[in-house]
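# All I have is the shape, not the residue letters:
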């Protein structure tokens, strides 16, 4: 029995759901990606400790995914196991009157709705960001001049060897599309969010306004991975791309969105290579015409 088979068998004994040769196109918002050797869905903290401990011993790489919203997966797929968080990791609770404990597997949308129901303000900016809470903390997601840094006070995580620990405050190293987890190889399991009491009516109005702005400007009707490039100093990637005449540019099934040039959309049958080639065209064209070097925000895997 090879290491993949050993891990799969043990994961089932830990109470996890195991899928073999699972197409990642079914688990990413880009709808792109070949098969992962294993997709393991984990429901409890005890199971994830055992899974990570055993995977470390067997030298099987583990890749946690949230909502698959900032991922571009290779057409040949992912070797090793992809880990999805469900069950306990999707729970959202009120730890204190203004403090929300949110499982990393919960969607940002669920976290925003929970905050609204409890008349807590501070998370409205995240309404409409198509990701999981853990992914948002991992990359310090943000929109409309706000980011997770403004509300995130702690993250509990599992290390590669299966140890559970927590980072708080400055230990999180939150910067523009960056956190300590960008570098440390640990998997976020839960978040602590410090919010403020507010008016449910005003919170609802703010969420509605931001979502309508997002819907009017972003190509939400087509598969994508969100904004492809980080914001360059003193400018906007989408503006530069549009100024370079690249709106509507296609490679295979990948296209620079006609609605927002900062997005690449899957107009049907796009492959990972289509997207990567289009990214290269965009970066080279923008650099030649504006002398600005765009940096990718979307993470590539496989």
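Right, received. Where do you want to start? Keep in mind that what you see is a predicted model, and the values were worked out from it rather than measured.

# Domain-wise, how is this structure divided?
3-85, 89-214, 219-301 (automatic domain parsing).

# can I get the ones you listed in TSV with mean neighbour count and mean pLDDT?
Heads up, the C-betas are built off the backbone N, CA and C, glycines and all. Listed next are the domains of the chain as TSV, based on neighbours: other C-beta atoms under 10 Å; pLDDT from 0 to 100:
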stretch	mean neighbour count	mean pLDDT
domain 3-85	20	96
domain 89-214	19	95
domain 219-301	18	95
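
# How much space separates residue 235 from residue 256?
17 Å (C-beta to C-beta, to the nearest Å).

# next one: residue 226
In terms of C-beta to C-beta, residue 226 sits 14 Å off from residue 256.

# try residue 115
Applying C-beta to C-beta to residue 115 and residue 256 gives a distance of 34 Å.

# wait, what's in contact with the residue nearest to residue 138 when sequence neighbours are not counted?
With sequence-adjacent residues excluded and distances taken as C-beta to C-beta, 6 or more residues apart in numbering, residue 138 is closest to residue 181, at 4.8 Å. Residue 181 makes contacts with 137, 138, 155, 157, 188, as judged by C-beta atoms under 8 Å, 6 or more residues apart in numbering.

# now swap in residue 254 and tell me
264, 265, 266, 267, 270, 271, 274, 275, 277, 278.

# swap in residue 136?
66, 108, 126, 129, 148.

# ok, now with 6 Å
Listed by C-beta atoms under 6 Å, 6 or more residues apart in numbering, the contact partners of residue 136 are 108, 148.

# where's the spatially most central residue of the chain relative to residue 156, distance?
In the chain, the centroid-proximal residue (C-alpha atoms, centre = their mean) is residue 135; its distance is 3.9 Å. Residue 135 sits 15 Å away from residue 156, going by C-beta to C-beta.

# is it true that residue 244 touches residue 285?
Yes: at 5.1 Å, residue 244 counts as touching residue 285 under the criterion of C-beta atoms under 6 Å.

# measure stretch 144-154 end to end?
23 Å (C-alpha to C-alpha, to the nearest Å).

# quick one: secondary structure of residue 287?
Secondary structure assignment for residue 287 (DSSP: H, G, I helix; E, B strand; the rest coil): helix.

# Can you tell me the closest non-neighbouring residue to it?
Here the residue nearest residue 287, using C-beta to C-beta, 6+ apart, is residue 293, at 5.6 Å.

# Make sure the one you found is indeed in a helix.
No: the assignment for residue 293, made by three-state DSSP, is coil rather than a helix.

# tell me the contacts of residue 32?
When contacts are counted by C-beta under 6 Å, 6+ apart, residue 32 is found next to 25, 270, 272.

# was I right about the first one contacting residue 36?
This points to residue 25. No: here residue 25 does not reach residue 36: they are 10.7 Å apart, not a contact under C-beta under 6 Å.

# residue boundaries of the helices in this protein?
Residue ranges of the helices in the chain, as given by DSSP state H, are 3-13, 45-58, 108-117, 133-138, 181-184, 200-217, 237-243, 272-290.

# right, and those helices - which one's nearest residue 163?
helix 45-58 (7.7 Å; C-beta to C-beta).

# what's the closest one in contact with?
Against helix 45-58 from outside (C-beta under 6 Å, 6+ apart): 3, 6-7, 10-11, 14-16, 42, 62, 158, 160-162.

# what angle separates that helix from helix 3-13?
Angle, helix 45-58 to helix 3-13, by axes from the mean of the first three to the mean of the last three C-alpha atoms, to 10 degrees: 160 degrees.

# so how far is helix 45-58 off the chain centroid?
Centre-to-centre, helix 45-58 and its host chain are 22 Å apart (C-alpha atoms, centre = their mean, to the nearest Å).
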